[in-house]
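Asker: need coordinates for the below:
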Amino acid sequence: MWPWLKKQAWNWRVVLIATPALAGTVIVLRLLGALQVGEWFFYDQFMRLRPDLAQDDRIAIVGVDEGDYRLLQMGQLPDGALADAIAAIQAQNPRAIGLDFYRNLPVEPGHDRLLEVFANSPNLVGIRKVVGESDRETVSGSETLSALNQLGSNDILVDGDSRVRRGLIAVGDSTGEWVASFSVLLADLYLSEEDKGANFIPVGESDWHLQFGDVTLPEFQANDGGYIGADAGGKQILINYRAGSHTFELVSLRQVLQGQLPPDWAKDRIILIGPYSEADKDYFYVPHSSALVGESTPMYGVEIHAQLTSQILSAVLDDRPLLGTWPEWGENLWILAWSGVGATSAWLLRRGNSSSPLHLLKHLGSNLFLVGALVGGSFWFFTENYWIPVLPPLLAGMVSSLTVVGYVAQSAGSIRKTFGRYLSAEIVETLLESPEGLKMGGERRKITILTSDLRGFTATAERLPPEEVIRILNFYLGHMADIITHYRGTIDEFMGDGILVLFGAPTTYGDEAERSVACAIAMQQIMETVNVQMEEWGYSDLDMGIGINTGEVVVGNIGSVKRTKYGVVGSQVNLTYRIESYTTGGQVLLSETTYQELQAAKANLKILGTKEVQPKGVKRPILIYDVAGIGAPYDLVLRRDAEVYQELTTPSAIRYAVLSGKHVDDRLYPAHLISLSRKQALVKLDLGSDFPPELEPLVNLKINLVDPDTTAMDGPTPGSTPTLTPGDPSHDANLGNVSIYTEDIYAKVLEDPAPEGCIYLYFTAKPPIVAQYLNQLSRRVPD
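Answerer: Take a look at the predicted model:
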């Protein structure tokens, strides 16, 4: 269990590190107040977009507007008119009347009459302004109502962005006494009729909570919701607005004074009387004022008090929850969770080409989905009267996602630098999950090794300008690399015209032997395309041999911190090179271990034949298998063109030496070319006193043509050219002044049965001038 957990922890290390680190960063930013305004924005939009509640008929507003001032022909409301209005409303038996005018000073005419109404109205609540730095910023309110304890605080809390989101339920005055808010006193008058009036629940020795019936009003704390370090003085509550402006029934003062209201209009209701004119400047911006387009619409102060009053009534009588928040630790966990969601989604989508439009669209779609899920979920919570953080988790999720995407891109770049240019995206992605991906050192692993080599290209390259050699190699290797990456091979090294390919390192898939054979056949097939281009460039065809072997090797990152290369070492690598050395152009040879892997996997392998060989450095002979093709799901076949031989009119004398590895035997032996095909030759050995060695199949030879003017063993004359006579098959040759006798030809002895004293050779390298001459000797041999 522990190894599995350790592996999973490593595979998900990026997510496990990024999630808490970035969540912690966002939490710190939040605590510094950097995200507060953004949180207020989401709060306002949620408040504005959620369904409005129906009009609360328990509350009505008498708004004093410009029409009333014009009717009274005064710039402010006189006490007499106010007394008449209160008396008219009292006559209809309301439960409470809230007067949102201070009336600390008389406004004649009618002041005495207003005092009399105050004294005889126990259900009337006036206002006073309690909060202020000095006496100049506070307003005492009516002395008559103060003496009757019928004054409440009408102070309104305005946030830094000029929005009202909180309301006071009580505030301490300059003497240290608690003053209940205007809204609380009105709600108490109404709910007392329901036996659910206000109660003060002691908390500790000096604190208390306010309760109506079974509902305790939650007190706002400095870091609740989106607030950070807010002034939580007094006792505050978040205002759970029913809707925007005009939420309550509104009538004008003149309608009351002129008796235009129904007889029972005010019965059992709370009636608030307050300014409803821009001239009074008693209006504020609220969450509903934060429209995305258009002008902001303010809300009059009297209506804000009505909203807070209605909120209390609805909580007690209608079971409407008060607006709540999560504890701070819960909010931090919420941020951490979304940081993890963002990082996880990016990690799960890491596969693919990071620069492709489709991959980018997948990440964009995922992020848009996460944004929608977070904002939508937070909005749902808000409709359920919970204000939870939106911007911090959103920021944490997006930054975590981008961080993981950036890490994957950077790591992929590092891996590409380590493992070479030609790695498939799938291998790169798998390496990112593997603890061995970039670690120095190695491990023993059973893999399948493929090596390829061009026949005789080194000799050809010596005769070409360096620029042409590079052009040919880049063209050839580019095609090979595309095939190899398609079959999920890892190109370990380019060695001139040779390629070393690993299947099973650094990533194991379980079908390494099958993929290696399919890859080898596909590489041989693509050589037709390569040779079409070679012909257009005016060069001879290229032939490639491929050897494949399976065995245990050591693979890993080799080098130093400054320069590292992913490599493979072991005797099995050397054996693969030996197997490849037995190939002729167009062949794919397998070791017995690879063949057994294919048999165990029940691969549909087609074999032309087998051969027992004794590679150098190997104690016992081994079997090698000549591949003809592989079946489903690859369905690939090696094309083998039949060689058409043309007997030479006059055998051409040659001499040859046996190659042992890279070493050329000093002894030379005579022979004659008697038949030629495009790539092969039938050679008759000269069996004289200097008897040649027995030439085993697959032995490599170095051959030179012999000048007819010399004896077979004298060697070529430097700078000489062929002797051409009229009527000779090569009479029309145009060979210039290049000596074909100093040019080296390389060939491999074939296994094909030959007449007695003869062998078949496969030319692995023919200098262009020699190839031209041999073609002239046999006119019907194709170019």
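Asker: packing partners for the helix or strand where Leu308 lies?
Answerer: Assigned by DSSP states H and E, Leu308 falls within helix 301-317. Helices and strands touching helix 301-317, by 3 or more CB pairs under 8 Å, 6 or more residues apart in numbering; DSSP states H and E, are strand 59-64, strand 166-172, helix 182-192, strand 207-212, strand 270-275, strand 283-284. C-beta here means a position set from N, CA and C on the backbone, and glycine is covered the same way.
Asker: now mean pLDDT too, for these, in a markdown table please.
Answerer: Shown next, in a markdown table, are those (pLDDT from 0 to 100):
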| stretch | mean pLDDT |
| --- | --- |
| strand 59-64 | 96 |
| strand 166-172 | 94 |
| helix 182-192 | 96 |
| strand 207-212 | 91 |
| strand 270-275 | 96 |
| strand 283-284 | 93 |
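Asker: any idea which of those gets closest to Leu35?
Answerer: With CB to CB as the measure, strand 166-172 is the member of these nearest Leu35 (18.4 Å).
Asker: which residues are in contact with the closest one?
Answerer: 130-131, 153, 155-157, 159, 178-181, 183-184, 210, 217, 220, 233-239, 304, 307-308 (CB atoms under 8 Å, 6 or more residues apart in numbering).
Asker: out of the residues you listed, which end up buried?
Answerer: 130-131, 153, 155-157, 178-181, 183-184, 210, 217, 220, 234-239, 304, 307-308 (16 or more other CB atoms under 10 Å).
Asker: can you point out the buried residues in stretch 481-492?
Answerer: 481, 483-485, 487-492.
Asker: in the stretch 351-500 of the chain, where is pLDDT below threshold?
Answerer: 351-356, 359, 411-442, 459 (pLDDT under 70).
Asker: how about a cut-off of 80?
Answerer: Per-residue confidence for the stretch 351-500 of the chain (pLDDT under 80) gives these ranges: 351-360, 362-363, 407-442, 455-463.
Asker: all strands of it, in order?
Answerer: Here the stretch 351-500 of the chain has its strands, by DSSP state E, counting those that start in this stretch, at 386-387, 441-454, 490-495, 498-503.
Asker: what's around Pro287, how many residues?
Answerer: Residues contacting Pro287 under the criterion other CB atoms under 10 Å number 20.
Asker: which residues touch it?
Answerer: Contacts of Pro287 by CB under 8 Å, 6+ apart are 43-44, 47-48, 163, 165, 241.
Asker: and the furthest pair within the residues you listed?
Answerer: Among these, Arg48 and Arg165 lie farthest apart (CB to CB), at 12.3 Å.
Asker: the more surrounded of those two?
Answerer: Arg165 (25 against 18).
Asker: for the more buried one, give its distance to Ile59.
Answerer: Going from Arg165 to Ile59 by CB to CB, to the nearest Å gives 20 Å.
Asker: ditto for Leu308
Answerer: In terms of CB to CB, Leu308 sits 11 Å off from Ile59.
Asker: what do you get for Gly567?
Answerer: 83 Å.
Asker: how about the secondary structure of Trp265?
Answerer: When classified by DSSP: H, G, I helix; E, B strand; the rest coil, Trp265 comes out as coil.
Asker: in this structure it contacts Asn93, no?
Answerer: No. The criterion here is CB atoms under 8 Å, and Trp265 misses it with Asn93 at 10.7 Å.
Asker: neighbour count: those two, which is higher?
Answerer: Set Trp265 next to Asn93 and count neighbours by other CB under 10 Å: Trp265 wins out with 18 against 12.
Asker: mind checking how far the residue nearest to that one when sequence neighbours are not counted is from Asp44?
Answerer: What sits nearest to Trp265 in space, not counting adjacent residues and going by CB to CB, 6 or more residues apart in numbering, is Gln92, at 6.1 Å. Distance of Gln92 to Asp44, given as CB to CB: 37 Å.
Asker: higher neighbour count, these two?
Answerer: Counting neighbours by other CB under 10 Å for Gln92 and for Asp44 shows that Asp44 has the greater number, 21 against 16.
Asker: which ones are touching the more buried one?
Answerer: Going by CB under 8 Å, 6+ apart, the list of residues near Asp44 reads 163, 287-290.
Asker: kindly report the same for Leu77.
Answerer: Here Leu77 is in contact with 64, 68-69, 101, 107, 253 (criterion: CB under 8 Å, 6+ apart).
Asker: same question, Ile630
Answerer: Shown in contact with Ile630 (CB under 8 Å, 6+ apart): 514, 517-518, 521, 603-606, 636.
Asker: just put the residues you listed in a markdown table and tack on distance to Thr508, secondary structure and neighbour count.
Answerer: Output for the contacts of Ile630, formatted as a markdown table (distance: CB to CB, whole Å; DSSP: H, G, I helix; E, B strand; the rest coil; neighbours: other CB atoms under 10 Å):
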| residue | distance to Thr508 | secondary structure | neighbour count |
| --- | --- | --- | --- |
| Glu514 | 13 | helix | 24 |
| Val517 | 17 | helix | 31 |
| Ala518 | 17 | helix | 21 |
| Ile521 | 22 | helix | 24 |
| Ala603 | 17 | coil | 18 |
| Asn604 | 22 | coil | 14 |
| Leu605 | 21 | strand | 20 |
| Lys606 | 26 | strand | 15 |
| Leu636 | 23 | strand | 17 |
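Asker: just give me the closest of these to Leu676.
Answerer: Ile521 (28.4 Å).
Asker: how much distance is there from whichever helix or strand Val37 is part of to the middle of the chain?
Answerer: Take DSSP H and E as the rule and Val37 turns out to sit in helix 36-49. Offset of helix 36-49 from its chain centre (CA atoms, centre = their mean, to the nearest Å): 29 Å.
Asker: can you start the count at 461 instead of 1 from here on
Answerer: Sure, I'll start numbering at 461, so the last one becomes helix 496-509.
Asker: lowest-confidence helix or strand of this structure?
Answerer: helix 885-893 (a mean of 54; mean pLDDT, DSSP states H and E).
Asker: adding distance to Leu492, write the strands of the stretch 811-960 of the chain out as TSV.
Answerer: As requested, the strands of the stretch 811-960 of the chain are exported to TSV (distance: least, CB to CB, whole Å):
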stretch	distance to Leu492
strand 846-847	20
strand 901-914	44
strand 950-955	48
strand 958-963	52
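Asker: most tightly surrounded among the ones you listed?
Answerer: With neighbours defined as mean count of other CB atoms under 10 Å, the strands of the stretch 811-960 of the chain peak in mean count at strand 958-963, which reaches a mean of 24.
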